[in-house]
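Student: coordinates only, no sequence provided:
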């Protein structure tokens, strides 16, 4: 960057600023995508969405952009040696990978929930005779207790 400014090579300077803008936009979009899938997961699990979760997203954005700004400053200092903002590129790629992992974790938890329901239903189906016997036993116990309960209530009221 510094050599571009010193040489008044405005096309190269503009290209570098465009690269930085795209990197910052990618980081911002990755956080928004993670927020979207996090909210969808919370809705699916019927978790109350509070301002705390949204503040976490804002804190994440400020942390990421603070890191990106520091890396951009390092790139400006290193522009005497390097022609491209390598530090910022590496930082942006790392942040996008972290956010992508978060999105996939949100999606996997949904799949895990479906798998758990399937396993539970399969176990119930495998043990259906035992469950039917238990229900029959409970129904017969309940029917046997009704007359006794009516007599007990009649004697206690007298």
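Tutor: Noted; the coordinates are in hand. The structure displayed is predicted, hence computed values, not measured ones.

Student: switch to C-alpha atoms for all contacts and neighbour counts from now on
Tutor: Noted.

Student: now do the end-to-end distance for stretch 76-89.
Tutor: End-to-end distance of stretch 76-89 (CA to CA, to the nearest Å): 13 Å.

Student: what mean pLDDT does that stretch get?
Tutor: Taken as a whole, stretch 76-89 has a mean pLDDT of 85.

Student: residues contacting residue 106?
Tutor: 37, 38, 41 (CA atoms under 8 Å, 6 or more residues apart in numbering).

Student: quick one: what helix or strand has residue 17 in it?
Tutor: helix 10-44 (DSSP states H and E).

Student: quick one: that helix to chain centroid distance?
Tutor: How far helix 10-44 lies from its chain's middle: 17 Å, per CA atoms, centre = their mean, to the nearest Å.

Student: and for stretch 63-78?
Tutor: Using CA atoms, centre = their mean, the offset of stretch 63-78 from its chain centre is 26 Å.

Student: and the contacts of it?
Tutor: Contacts of stretch 63-78 (CA under 8 Å, 6+ apart): 1-2, 24, 27, 82, 84-88, 91-92, 95.

Student: run the last query once more with 10 Å
Tutor: Stretch 63-78 is contacted from outside by 1-3, 20, 23-24, 27-28, 31, 57-62, 79, 81-92, 95, using CA atoms under 10 Å, 6 or more residues apart in numbering.

Student: any quick PyMOL command for the buried ones out of the residues you listed?
Tutor: With 16 or more other CA atoms under 10 Å as the criterion, this PyMOL line picks the buried residues out of the contacts of stretch 63-78:
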select buried, resi 1+20+23+24+27+28+31+57+61+79+83+84+85+86+87+88+89+91+92+95
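
Student: picking that back up, export the contacts of residue 106 to a markdown table and tack on neighbour count?
Tutor: What follows is those, written out as a markdown table (neighbours: other CA atoms under 10 Å):
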| residue | neighbour count |
| --- | --- |
| 37 | 17 |
| 38 | 19 |
| 41 | 17 |
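
Student: closest one of those to residue 138?
Tutor: Of all the contacts of residue 106, residue 138 sits closest to residue 41, with 38.4 Å by CA to CA.

Student: circling back to that earlier point, downstream of the helix holding residue 17, the next helix or strand is which one?
Tutor: Next element after helix 10-44 (DSSP H and E): helix 51-78.

Student: gap between residue 70 and residue 79?
Tutor: 14 Å.

Student: what is the helix holding residue 17 packed up against?
Tutor: Using 3 or more CA pairs under 10 Å, 6 or more residues apart in numbering; DSSP states H and E, the elements in contact with helix 10-44 are helix 2-6, helix 51-78, helix 86-126.
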